[in-house]
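# here is my input; please provide its structure:
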Amino acid sequence: MEYNFREIEQKWQKRWVDSGIYRVVEDEHKKKFYVLNMFPYPSGAGLHVGHPLGYIASDIYARYKRLRGYNVLNPMGYDAYGLPAEQYAIQTGQHPAITTEKNINRYREQLDKIGFSFDWIREVGTWVPKY
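From the prediction side, this is the model:
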């Protein structure tokens with residue numbers, strides 16, 4: 001039997017999104033647990049191996065705490081306010097707003113393919129004035 005990973009992964013990841021399985025809803029009956037990952041700089045055309053390497057460990061721990069009954073907040077975001085984003089824009093000859101948005105979309109696609117348990121409703125962007 002052949003394992004068609006693309007088909008199977010897409011099926012389950014769609015189900016996770018549709019069901020909102022990782023969405024955090026405040027529940028006063030559960031203990032709170034907060035997982036904070038270092039937000040990547042969207043200053044490149046894609047993630048490098050060091051990003052998921054760190055996120056895998058914290059994701060495992062977040063899942064463990066959920067299984068232990070905790071209300072786990074595991075957000076993700078992007079640190080795009082500063083020199084790395086500006087430098088990438090200069091290197092590519094594009095406006096930082098364009099390169100930042102394009103890179104964030106690519107990063108998000110890559111993170112979703114890995115299947116992390118982030119609560120994307122609480123996505124953080126350091127360049128957003130509300131932040």
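# do you know the pLDDT at the residue nearest the centre of the chain?
When Cα atoms, centre = their mean is applied to the chain, the residue found nearest the centroid is Met76 (4.2 Å). At Met76, the pLDDT value in this model is 95.
# and the lowest-mean-pLDDT helix or strand in the chain, which residues are buried?
Lowest on mean pLDDT, DSSP states H and E among the helices and strands of the chain sits helix 83-92, with a mean of 86. Neighbour counts over helix 83-92 (16 or more other Cβ atoms under 10 Å) mark Pro84, Ala85, Tyr88, Ala89 as buried. To be clear about C-beta, it is placed using only N, CA and C from the backbone, and glycine gets the same treatment.
# what strand or helix carries Phe33?
Under the criterion of DSSP states H and E, Phe33 resides in strand 32-34.
# and for that strand, what are the contacting residues?
By Cβ atoms under 8 Å, 6 or more residues apart in numbering, the residues outside strand 32-34 that reach it are Ala62, Lys65, Tyr70, Asn71, Val72, Leu73.
# starting from that strand, tell me which strands it pairs with and how they run.
strand 71-73 (parallel) (DSSP bridges).
# contacts for the partner strand?
With Cβ under 8 Å, 6+ apart as the criterion, strand 71-73 contacts 24-27, 30-35, 62, 65-66, 119, 122.
# which two in the buried residues of helix 83-92 are spaced the farthest apart?
Comparing every pair within these by Cβ to Cβ identifies Pro84 and Ala89 as the most remote, at 9.8 Å.
# the helices in the protein, which residues?
According to DSSP state H, the chain carries its helices in the segments 5-19, 50-67, 83-92, 96-114.
# export the shortest one to CSV, keeping only CA atoms.
It stands for helix 83-92. Extracted C-alpha coordinates of helix 83-92, given in CSV (Å, rounded to 0.1, in the frame of the first residue of the first chain):
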residue,chain,number,x,y,z
LEU,A,83,16.1,46.4,9.2
PRO,A,84,15.8,42.7,8.0
ALA,A,85,12.6,43.5,6.1
GLU,A,86,14.0,46.8,4.7
GLN,A,87,17.3,45.1,3.7
TYR,A,88,15.4,42.3,1.8
ALA,A,89,13.3,45.0,0.0
ILE,A,90,16.5,46.8,-1.0
GLN,A,91,18.1,43.6,-2.3
THR,A,92,15.0,42.7,-4.4
